[in-house]
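1. Predicted model and sequence follow; I will ask about them next.
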Amino acid sequence: MRWDRFFEDLEDQLDSEWEAERAALDSEAERLRLARLSLFERVNALTDAGAGDLLVDVKGGASMTGRPIAAGPDWLALDDRAPRGVLVIPFGAVVSLGASHADVLRSARGGTPSRLRERMTLGFVLRDLARRRVPVTLLTTDGREYSGTIDRAASDHLDLALHDRGAPRRADLVAGHRLVPFGALAGVRLDSPVALA
């Protein structure tokens, strides 16, 4: 009788050790998964899940609020319900993102972005806007705004033809030109509707 109890205790102890080891392995696997999770994957998960509004604090002290509608490896797009269009924000300008607790947890699960989205860098988006001749307003990290049309987008900067917001890009309406490094951008406001993803 004592031996039966002895073996039952051993089985219970072994079962408890297995459960503890499995829990430790699961915890370690989760820590490794989170260690590999990028901001792009988290924001992409929010766009795919139809998350609520994000508060985006950018360099220079500005804040923007809106629903995330698209993301690339180095940018996110917000629908901030402005009458003019969406706002593209480089991750390099982001200081912090504020979201509801449910959205923070949802984003931590991550997602699998499409191969196309993984290749849609900020430069790719800006070159597409230049090709389409979309009027934009550039918001810089020092608080300045420049309205015009992107003429060219290179590897780390863009050429902007300055003109009044709402005016077409015509030579007689261009008031000047600016070369703007991508690192100086806090946001790019699309002044007309364009599909980003």
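-> Yep, it's here. Numbering: from 1, shown residues only.
2. residues near Arg152, how many?
-> 13 (other C-beta atoms under 10 Å). Every residue, glycine included, has its C-beta placed from N, CA and C.
3. Surely Pro68 touches Leu55?
-> No - in this structure, Pro68 is not within contact of Leu55 by C-beta atoms under 8 Å, at 11.2 Å.
4. between those two, who's got more neighbours?
-> Neighbours per residue, other C-beta under 10 Å: of Pro68 and Leu55, the larger number sits with Pro68, 27 against 13.
5. and that one, what is it in contact with?
-> Counting by C-beta atoms under 8 Å, 6 or more residues apart in numbering, Pro68 touches Val43, Leu46, Thr47, Ala51, Leu54, Leu76, Ala77, Leu78.
6. For Leu54, grab the count of nearby residues.
-> 23.
7. Arg127 too?
-> 16.
8. Please, which helix or strand holds it?
-> helix 122-132 (DSSP states H and E).
9. Check Asp57 too.
-> Per DSSP H and E: strand 54-58 holds Asp57.
10. That strand pairs with which strands?
-> Strand pairing for strand 54-58, using DSSP bridges, gives strand 63-72 (antiparallel), strand 94-98 (antiparallel).
11. next structured bit after the last one?
-> Proceeding N to C from strand 94-98, the next assigned helix or strand is helix 101-108, under DSSP H and E.
12. Output the contacting helices and strands for that next one.
-> helix 39-49 (3 or more C-beta pairs under 8 Å, 6 or more residues apart in numbering; DSSP states H and E).
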